[in-house]
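*Asks:* I need the structure of the sequence given here:
(2 chains)
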Amino acid sequence: DQQVKQNSPSLSVQEGRISILNCDYTNSMFDYFLWYKKYPAEGPTFLISISSIKDKNEDGRFTVFLNKSAKHLSLHIVPSQPGDSAVYFCAARGSGGSNYKLTFGKGTLLTVNP
Amino acid sequence: NAGVMQNPRHLVRRRGQEARLRCSPMKGHSHVYWYRQLPEEGLKFMVYLQKENIIDESGMPKERFSAEFPKEGPSILRIQQVVRGDSAAYFCASSPNAGAGAGTDTQYFGPGTRLTVL
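*Replies:* As a prediction, the model looks like this:
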């Protein structure tokens, strides 16, 4: 039972263009969403997050959008750079007493071509 | 400030042996989380510990798996009598406060231990 889904295993974009990574969730109890970036042989690194009370959060080249009614979020990277090539994980946090427990999607491999 | 340290980075065991995975949290962090990533899957929560206490082990198999975070020393994830299905990457994360948000409860991950069971 996958509560966080990243339906695109991979995405390839040209340097300078926009990268859009998508994520869907099924559990309406999730109250906080995060994106992690992972390079090979390293652990995931926190990138950006959004609370369920907001619909947009921006940090430099990275913007996360949340559509609660559709249970959908997306990460936009613009402009994309070759160094952005990595696996991106969408994660969701439970509310209340289990707010330390992250539920991850399977990840999307982003390749930015020079 | 060193990040989360995990060792060994790679561990090979034969079926039936024991695997011990170590995690040293970031300095000042007293909350440790273990996650497992099976091939082609996302990371899955296993256990959450504070110093000398297991807070939530709901994601950890009841048999053969145990975890500890002693007063002194690293957190240990122990897998007894390993089977092929235990082959995975095991990630440890730590945070200064309990949670999984973007402030003082941000979870910082180590590089992982890749366990291969022959």
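*Asks:* use CA for all of it now, contacts and neighbours both
*Replies:* OK.
*Asks:* where does pLDDT dip in the chain?
*Replies:* Since no chain was named, I'll use chain A. Under the criterion pLDDT under 70, the flagged ranges of chain A are A:1.
*Asks:* chain B, not that one
*Replies:* B:1, B:103-104.
*Asks:* nearest the middle, which residue of it would you pick?
*Replies:* Of all residues in chain B, the one closest to the mean position by Cα atoms, centre = their mean is B:Trp34, 3.2 Å from it.
*Asks:* roughly how far does B:Asp56 sit from chain A?
*Replies:* For B:Asp56, the distance to chain A under the criterion Cα to the nearest Cα, to the nearest Å works out to 9 Å.
*Asks:* Provide the secondary structure category for the residue of chain A positioned farthest from its centre.
*Replies:* For chain A, the C-alpha lying farthest from the average C-alpha position belongs to A:Gly97; by Cα atoms, centre = their mean, that distance is 23.4 Å. Three-state call for A:Gly97 (DSSP: H, G, I helix; E, B strand; the rest coil): helix.
*Asks:* from chain B, how far out is it?
*Replies:* If you go by Cα to the nearest Cα, the gap between A:Gly97 and chain B works out to 9 Å.
*Asks:* which element is the residue nearest to the centre of chain B on?
*Replies:* B:Trp34 is part of strand B:31-37 when elements are defined by DSSP states H and E.
*Asks:* which helices and strands does that strand pack with?
*Replies:* Counting contacts by 3 or more Cα pairs under 8 Å, 6 or more residues apart in numbering or on different chains; DSSP states H and E, the secondary-structure elements packed against strand B:31-37 are strand B:43-50, strand B:88-95.
*Asks:* tell me the angle that strand makes with strand B:88-95.
*Replies:* Interaxial angle of strand B:31-37 relative to strand B:88-95 (axes from the mean of the first three to the mean of the last three Cα atoms, to 10 degrees): 160 degrees.
*Asks:* pull up the pairing partners for strand B:31-37, direction included.
*Replies:* Strand pairing for strand B:31-37, using DSSP bridges, gives strand B:43-50 (antiparallel), strand B:88-95 (antiparallel).
*Asks:* winner for burial among the helices and strands packed on strand B:31-37?
*Replies:* strand B:88-95 (a mean of 26; mean count of other Cα atoms under 10 Å in any protein chain shown).
*Asks:* tell me the helix or strand right after the helix or strand where A:Asn57 lies.
*Replies:* With elements taken from DSSP H and E, the one containing A:Asn57 is strand A:56-59. Elements were assigned by DSSP H and E; along the chain past strand A:56-59, the next helix or strand is strand A:62-67.
*Asks:* in that next one, which residues are buried?
*Replies:* Residues of strand A:62-67 classed as buried by neighbour count (16 or more other Cα atoms under 10 Å in any protein chain shown): A:Phe62, A:Thr63, A:Val64, A:Phe65, A:Leu66.
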